[in-house]
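>>> what would the 3D arrangement of this be:
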Amino acid sequence: MKQQVGPIAAAILIATGVLGDHVVGMALNNSSANAATIAQSPAPAKAAQATTATAIDSVVQHAFAQASPSVVFIDNVGVGSGSGVIYDSHGNIVTNAHVVQGAQSLRVTLKSGNTLTAHLVGIDTVDDLAIIHVNATGLPAAHFASAGTFSVAQTVLAIGSPLGLQQTVTSGLISALNRTVQESGGAYLPNAIQTSAPINPGNSGGALVALDGSVVGIPTLEASDPQNNNGGAAQGIGFAVPSTRVTFVAHQLITTGHVAHTGRAYLGVGAVDASSAQANPFGNGGFGNGSGTATLDGALVQQVAAGSPAERAGLQQGDVITAANGRQITGESDLLDALANSKPGATLTLTINRNGSSQTVSAQLGELSAG
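Model prediction:
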């Protein structure tokens, strides 16, 4: 006898367009009620997606609600503006040095809208950090993340005042850790956090925040795109001073007004990419290495500071540093990385090319002054 198929089950068979025995058998062995459940299955999936999206939004909103009261707008009157983070409840605020440099008058606007006069406590141009102070107590201090509590691919929020738009929040990822980046003023930042959270002028000095509300870094600069003829910013590549470095420097500035110990290695040379200098010898203080090769990769020494570890080691202007402790140096950034990964007092063995011949010198590194 031919088995009858209910109307709902038949509708499923027609809709699927599958005639295999397995699918047909499953449809025939289900009641109309079960078939109706199968037909409606996409609805719970959509509900689950909506629930997940709502949960994610709630986490992000909670992180912003926790961290944003600690982020302030800083008006360096007549110079520019930026952001800051309330460091403690006694009125100390941490920001970037370049936000407050040249200040004659500083004004701080809290999230509540209250505006307070501030004064400079101390500045560290080497780390591009500064502490300013307002006469107020009970301020909502930020919680700074400890070492090892954040990682690559973690979601973060950037909170600040880009282009003067106060309490702006953007989101992204921690793209990488332990980057060494060069600032336009000559300072280099070791162990910097790279992030895809959009950072624009005015974000400087603000907060890079994990989803638990803790501050993992202070957004400081965005990368420039060398392919951009106007020198514009690279999309989705920004850098922040990590929280551990912020607290290390801030404690010294608050206690003494200056940084006595940077903990950073000092060699005492000014260098550029050797290959670039050879390609443009007149524009970069060119050199002749006498090697007969078209290009020579390395870091070209342009200046040697008097009394520096470099001078004591015998480095000279025109030398090309090609290796440090056995690791190849292809340009200025590699040399900065080598210094960033060294400690004051350590010995750095350098391979150099001087007028076409290879030599080895050893430099006992000093400690970089905060400046």
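
>>> pLDDT on the longest helix belonging to the chain, on average?
As assigned by DSSP state H, the longest helix anywhere in the chain is helix 42-67. The predicted model assigns helix 42-67 a mean pLDDT of 85.

>>> where does the stretch 201-350 of the chain dip in pLDDT?
226, 228-232, 278-294 (pLDDT under 70).

>>> could you pull out the helices for it?
With helices called from DSSP state H, counting those that start in this stretch, the stretch 201-350 of the chain shows them at 243-256, 274-279, 309-313, 332-340.

>>> helices or strands up against the shortest one?
To tie it back to what came earlier, the one meant is helix 309-313. Applying 3 or more C-beta pairs under 8 Å, 6 or more residues apart in numbering; DSSP states H and E, one finds that helix 309-313 makes contact with strand 299-304, strand 357-364. Every residue, glycine included, has its C-beta placed from N, CA and C.

>>> adding distance to residue 314 and mean neighbour count, write the ones you listed out as a markdown table.
Shown next, in a markdown table, are those (distance: least, C-beta to C-beta, whole Å; neighbours: other C-beta atoms under 10 Å):
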| stretch | distance to residue 314 | mean neighbour count |
| --- | --- | --- |
| strand 299-304 | 10 | 22 |
| strand 357-364 | 5 | 14 |
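
>>> grab the most central residue of the chain for me.
Nearest to the geometric centre of the chain sits residue 239, at 2.6 Å (C-alpha atoms, centre = their mean).

>>> excluding its backbone neighbours, what's nearest residue 213?
Counting by C-beta to C-beta, 6 or more residues apart in numbering, the nearest residue to residue 213 once its immediate chain neighbours are dropped is residue 66, at 3.2 Å.

>>> how deep is the one you found tucked in, by neighbour count?
Residues near residue 66, counting by other C-beta atoms under 10 Å, number 17.

>>> same question for residue 233.
17.

>>> do residue 106 as well
23.

>>> beta-bridge partners for it, please?
Beta-bridge partners for residue 106, by DSSP bridges, are residue 76, residue 118.

>>> who are the contact partners of it?
74-77, 100, 117-120, 132 (C-beta atoms under 8 Å, 6 or more residues apart in numbering).

>>> what does residue 110 give?
Contact analysis of residue 110 by C-beta under 8 Å, 6+ apart lists 69, 72, 116, 139.

>>> and the closest residue to the third one other than its chain neighbours, how close does it get to residue 122?
When you say that, I think you mean residue 116. Nearest non-adjacent residue to residue 116, counting by C-beta to C-beta, 6+ apart: residue 134, 4.2 Å away. Here residue 134 is placed at a distance of 15 Å from residue 122 (C-beta to C-beta, to the nearest Å).

>>> among the helices and strands packed on helix 309-313, which comes closest to residue 264?
Nearest of the helices and strands packed on helix 309-313 to residue 264, taken as C-beta to C-beta: strand 357-364 at 14.9 Å.

>>> same for that closest one, what does it pack against?
Identification of packing neighbours for strand 357-364 by 3+ C-beta pairs under 8 Å, 6+ apart yields helix 309-313, strand 347-354.

>>> quick check: mean pLDDT of the helix or strand just after it?
As assigned by DSSP states H and E, the chain's next helix or strand after strand 357-364 is strand 366-367. Taken as a whole, strand 366-367 has a mean pLDDT of 94.

>>> same thing with stretch 86-97?
What stretch 86-97 shows for mean pLDDT is 97.

>>> how distant is that stretch from the center of its chain?
20 Å (C-alpha atoms, centre = their mean, to the nearest Å).

>>> distance of the residue nearest to residue 129 when sequence neighbours are not counted from residue 66?
Distance criterion C-beta to C-beta, 6+ apart; nearest residue to residue 129, sequence neighbours excluded, is residue 249 at 4.9 Å. Look at residue 249 and residue 66: by C-beta to C-beta, they are 24 Å apart.

>>> list the contacts for residue 91?
Residue 91 is in contact with 133-137, 139, counting by C-beta under 8 Å, 6+ apart.

>>> if you set the cut-off to 6 Å instead, what comes out?
Contact analysis of residue 91 by C-beta atoms under 6 Å, 6 or more residues apart in numbering lists 133-134, 136.

>>> pick the one among the residues you listed closest to residue 255.
Distance to residue 255 across these (C-beta to C-beta) is lowest for residue 133, with 12.9 Å.

>>> can I take it that that closest one is in a helix?
No: the assignment for residue 133 by DSSP: H, G, I helix; E, B strand; the rest coil gives strand, which leaves it out of any helix.

>>> is it in contact with residue 117, as I believe?
No: Residue 133 lies out of contact with residue 117 (C-beta atoms under 6 Å); the separation is 10.0 Å.
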